[in-house]
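Participant: after the sequence you'll find the predicted model.
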Amino acid sequence: GQQLNQSPQSMFIQEGEDVSMNCTSSSIFNTWLWYKQDPGEGPVLLIALYKAGELTSNGRLTAQFGITRKDSFLNISASIPSDVGIYFCAGRQGGSEKLVFGKGMKLTVNP
Amino acid sequence: NAGVTQTPKFRVLKTGQSMTLLCAQDMNHEYMYWYRQDPGMGLRLIHYSVGEGTTAKGEVPDGYNVSRLKKQNFLLGLESAAPSQTSVYFCASRETGGVYGYTFGSGTRLTVV
C-alpha cells in the first residue's frame, strides 16, 4: 500500500531546542496532517494543511505543505518536556476516504 | 463530551478465541475507522465505514470483521485470534467535510498467546 516516509525515526534533544521533522511520498497528497501521540493514548491532531505551499502555525508548532504536494514539514520551537511523544504525519490522496500514516518520530526532551 | 470511547482497554486472548472490540462515538460523526498500531509500523487501516450500515476494507483486513448497525457504534471482531493480531487497536471517527482530522479513541491493547 501507499507509504509515507517519515524522518527522523527518533530524536533526543535538550529542553529549549528546536526540532524539525519531515514526511515524504512518491505520490501527490491533497491533505497533510500532523498528529501527536502520548503514551497510552490515541493520536491527537496538531495541524492540518490543505494547500500546496501552505504554512500554518499552532503555538510553538509550524507545519508546511510542500510545494510539490509530495512532502510536509513540522517544526517545534523552544521544546519543553511535555513535547515528549510520538509525532505522526498523515496524508490523504484525492478522492480517497482513507488517511495514510507515517511510521512516527519519537521525541525525547531532556530537562 | 466523551468523544470516542473504546472498550475494553486491555485483553489477553488465547489463540483461536474470538472477541469483539467496541467503539462508540457521541459526536454524530458519519465516518469511523479501525486501525492497528505495531512497533515500527505506524498506523495501518483495517476497516472503515462511511455511514450507518456500510463497511469497507482497508489495508490489512484479513482476520477481522466489522459491523456498523448504529451510527454511533463500530464493532471490530476477531473470529479466531492469532498471535499476529497482537497489537494496539485504535478507533477513530470524523465528521463529513470540515477539518479532515480524525478523533481517536485511547486504544485497546490486545495480546494473543
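Facilitator: Perfect, I can see it now. None of the values given here were measured: they were computed from a predicted structure.

Participant: what are the phi and psi values at A:Pro81?
Facilitator: Main-chain torsions, A:Pro81, degrees, to the nearest 10: phi -60, psi -30.

Participant: give the burial count for the residue of chain A at minimum distance from chain B, as a bare number.
Facilitator: For chain A and chain B, the shortest gap (Cβ to the nearest Cβ) falls at A:Gly42, measuring 3.1 Å. Bear in mind the C-beta positions are built from the backbone N, C-alpha and C, glycine included. The burial count assigned to A:Gly42 is 23, neighbours taken as other Cβ atoms under 10 Å in any protein chain shown.

Participant: which residue sits closest to it, ignoring its sequence neighbours?
Facilitator: Excluding the flanking residues, the one nearest A:Gly42 by Cβ to Cβ, 6 or more residues apart in numbering or on different chains is B:Phe104, at 3.1 Å.

Participant: same thing with A:Pro39?
Facilitator: That would be A:Gly85: by Cβ to Cβ, 6+ apart, it lies 7.3 Å from A:Pro39.

Participant: how near is that neighbour to B:Gly105?
Facilitator: 17 Å (Cβ to Cβ, to the nearest Å).

Participant: picking that back up, I'd say the residue nearest to A:Pro39 and A:Gly40 touch.
Facilitator: No - using Cβ atoms under 8 Å, A:Gly85 is not in contact with A:Gly40, being 10.7 Å away.

Participant: comparing the two, which shows the higher neighbour count?
Facilitator: More crowded of A:Gly85 and A:Gly40, by other Cβ under 10 Å: A:Gly85, with 20 against 10.

Participant: per-residue confidence at the more buried one?
Facilitator: Predicted confidence (pLDDT) for A:Gly85: 96.

Participant: what's the following helix or strand after the helix or strand harbouring A:Ala48?
Facilitator: For A:Ala48, the host element (DSSP states H and E) is strand A:44-49. Once strand A:44-49 ends, the next helix or strand along the chain (criterion: DSSP H and E) is strand A:55-58.

Participant: what are the pairing partners of that next one, and which direction each?
Facilitator: strand A:61-65 (antiparallel) (DSSP bridges).

Participant: following the partner strand, which helix or strand shows up next?
Facilitator: With elements assigned by DSSP H and E, the helix or strand that comes after strand A:61-65 is strand A:71-76.

Participant: does chain B have contacts with the helix-or-strand element of chain A with minimal mean pLDDT?
Facilitator: One helix or strand of chain A scores below all others by mean pLDDT, DSSP states H and E: strand A:100-101, with a mean of 91. Yes - under the criterion of Cβ under 8 Å from any Cβ of the partner chain, chain B is reached by strand A:100-101 at A:Phe101.
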